[in-house]
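# Fold the following, please.
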Amino acid sequence: MAQSTKNVFKALHDLDLLDLVGNKNPYMAECQSAAWDEMVKALNDAKLFPKPVNKRAVQSRVNILVKAYRTDDLQNKVKSGTEEQYGQIKALVIRISSAIDDSNKARIDKTKAVAAKIIESDSASQAVMEEGEKGRSKRPLDSDTSELTDEEAEKQEFVHTTGGSNDDWEDEKEYRKA
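As a prediction, this is how the structure comes out:
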């Protein structure tokens, strides 16, 4: 029977891996990918496995252990370890699980802060646009209305609100008189 080319994570491997992940905390790193790469390099430099491990295998193993912990199936995922090793693994997985939760919360908070900033910016932009539109309307500005007679002000208001013309205003005046 041919020997498998797949690395097998035993309890000692899990302990080393989880200890490294717990200390580096790639979940809160500025560049998560670089943090995982550093950990893979450290694991390969230690020559714990017959074959070098890759980032995907390391991340997958950590995710499997965290998921097993969250579903109360951790003991079934850890192979050939003592009770002491299992206890250490469980403590490290709890710490990593908490770091993942904190990272997710921080990411959500950051997203909410960015969204609030965008909404605030949009509101300010809307206010500026509305203020600009006031100056573009055909109505005279408040300071100019004092110079108009009541009839001229009424005419400008009618033309502005109805979108009509001066001829429409003349028809409206005759209708109001009748």
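
# tell me what the helix or strand where Leu92 lies is packed against?
Here Leu92, judged by DSSP states H and E, is contained in helix 83-136. Contact here means 3 or more CB pairs under 8 Å, 6 or more residues apart in numbering; DSSP states H and E; on that basis helix 83-136 packs against helix 11-24, helix 55-70, helix 74-77. Glycine gets a C-beta too; all of them are placed from N, C-alpha and C.

# Can you name the next helix or strand after that helix?
Next along from helix 83-136, by DSSP H and E: helix 150-162.

# Helix 150-162 and the helix or strand following that following helix, what's the angle between them?
Using DSSP H and E, the helix or strand that follows helix 150-162 in sequence is helix 166-177. Per axes from the mean of the first three to the mean of the last three CA atoms, to 10 degrees, the angle that helix 166-177 makes with helix 150-162 is 110 degrees.

# I'd like the average pLDDT over the helix holding Leu92.
The average pLDDT within helix 83-136 is 82.

# tell me the angle of that helix relative to helix 55-70?
Using the same axes, to 10 degrees: helix 83-136 against helix 55-70 is 100 degrees.

# and Leu148, what pLDDT?
Predicted confidence (pLDDT) for Leu148: 65.

# quick one, which of the helices and strands packed on helix 83-136 is packed in tightest?
helix 11-24 (a mean of 18; mean count of other CB atoms under 10 Å).

# so what secondary structure elements neighbour it?
With contacts taken as 3+ CB pairs under 8 Å, 6+ apart, helix 11-24 sits against helix 32-45, helix 55-70, helix 83-136.

# how big is the angle separating it from helix 83-136?
30 degrees.

# measure Glu84 to Ile96 for me?
19 Å (CB to CB, to the nearest Å).

# Spell out which residues make up each domain of this structure.
11-128, 137-177 (automatic domain parsing).

# Look up phi and psi at the nearest residue to Ser80 once chain neighbours are set aside.
Nearest non-adjacent residue to Ser80, counting by CB to CB, 6 or more residues apart in numbering: Lys10, 5.2 Å away. Per-residue torsions, Lys10: phi -100, psi 180 (degrees, to the nearest 10).

# picking that back up, single out the most deeply packed of the domains of the chain.
domain 11-128 (a mean of 14).

# And the residue nearest the centre of the chain?
Nearest to the geometric centre of the chain sits Thr111, at 3.5 Å (CA atoms, centre = their mean).

# Give me the neighbour count for the residue nearest to Ser80.
15 (other CB atoms under 10 Å).

# surely Asn44 meets Pro52?
Yes. With contact defined as CB atoms under 8 Å, Asn44 reaches Pro52; the gap is 4.5 Å.
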